[in-house]
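Q: I would like the atomic coordinates for the input below:
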Amino acid sequence: MKAPVALFFSVVCTTCACGATIGEQYVGAKYVNNPLGEGCLPDADPLMRLDAFDCTTFVETALADTDLNKLTKIRYKDGVVDFVNRNHFVETDWLPNNSDILTDVTRKYGTTATRDVRIDRANWLKKNYDIDDDTPVQTVHLKYIPYSVLGKIHTTEPLVVLFIGDKYKDTDTLGTDLAVMHMGFLLPDGTLRHASSDRGQIVDVNFYDYVAKRKKSPNNLGIMLLEPRK
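A: Just a heads-up that it's a prediction; the model follows:
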């Protein structure tokens, strides 16, 4: 029997999710790893909540402007709510399934390199959830701007920024490779608005200071940039 879906609303939003205001109402909300689910097993977390986020659910909720129907379409292929149908992998699910609302503009902002990532969805589902799935292994070629050649980003609108890493260190444990290690919003004034696990909340920080820190960390390669469609 399915558990009831709980919705957590701690903030009333009257601000349009556009310009420098995107996600602004959530600044200070707590960081919680994997706060959303389907309201039933194998992930009994709620479909939507506004009091806690991880990096992906923060970006998704801000893009949806607190609209559950929009959020569902962002999080699930064709908007069909089901654990297996969820856009679990940014590389092979989230990016292509949201190409109607997000445009990859990485090449517009710098010279790119390629990160080849091999997503084994079936192995991940079996290893972590004992779910059988026949999805073949997918290899995608992500274009990113290496930190070594990244300059100032001049934009008049907020961009979704994806932070790309080298071969995932825990591939064997997880069951698949991963390339997208983090995400947030790059605002026109150079602010990075993101869900920070280190700070335990949604924060605004200087994007270039943040990049300088990631650049020094092992396995960090560079960034992808996505432009929300109007």
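Q: roughly how far apart are the residue most central in space within the chain and Leu36?
A: For the chain, the residue nearest the mean C-alpha position is Thr56 (3.2 Å; CA atoms, centre = their mean). Thr56 sits at a distance of 9 Å from Leu36 (criterion: CB to CB, to the nearest Å). Any C-beta I mention is one placed from the backbone N, CA and C, and that applies to glycine too.
Q: Let me see the contact set for the residue nearest to the centre of the chain.
A: The neighbours of Thr56, taking CB atoms under 8 Å, 6 or more residues apart in numbering as the test, are Val90, Trp94, Met183.
Q: again, only using 6 Å
A: When the contact criterion is CB atoms under 6 Å, 6 or more residues apart in numbering, Thr56 has no partners at all.
Q: could you point out which element follows the helix or strand hosting it?
A: Secondary structure here is read from DSSP states H and E; on that basis Thr56 sits in helix 55-64. Past helix 55-64, further along toward the C-terminus, the next helix or strand under DSSP H and E is helix 68-75.
Q: So which bits of that next one are buried?
A: Within helix 68-75, the residues that count as buried by 16 or more other CB atoms under 10 Å are Lys70, Leu71, Thr72, Lys73, Ile74, Arg75.
Q: Looking at these, spot the one nearest Thr103.
A: Checking these against Thr103 with CB to CB, the nearest one is Ile74 at 14.8 Å.
Q: Identify the residue spatially nearest to the closest one, adjacent ones excluded.
A: In this structure, Ile74 finds its nearest non-sequential neighbour in Glu60, 4.9 Å apart by CB to CB, 6 or more residues apart in numbering.
Q: helix or strand for His182, which one?
A: Secondary structure here is read from DSSP H and E; on that basis His182 sits in strand 180-186.
Q: Remind me what that strand packs against, helices and strands.
A: Of the remaining helices and strands, those touching strand 180-186 by 3 or more CB pairs under 6 Å, 6 or more residues apart in numbering; DSSP states H and E are helix 55-64, strand 159-165, strand 191-196.
Q: got those as CSV, with distance to Ser217 columns?
A: Formatted as CSV, those follow (distance: least, CB to CB, whole Å):
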stretch, distance to Ser217
helix 55-64, 16
strand 159-165, 9
strand 191-196, 14
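Q: The ones you listed into CSV, with extra columns for mean pLDDT and distance to Ile202?
A: Written out in CSV, the entries for the helices and strands packed on strand 180-186 read as follows (pLDDT from 0 to 100; distance: least, CB to CB, whole Å):
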stretch, mean pLDDT, distance to Ile202
helix 55-64, 98, 6
strand 159-165, 98, 15
strand 191-196, 98, 5
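Q: End to end on stretch 28-44, go ahead and measure it.
A: One end of stretch 28-44 to the other measures 25 Å (CA to CA, to the nearest Å).
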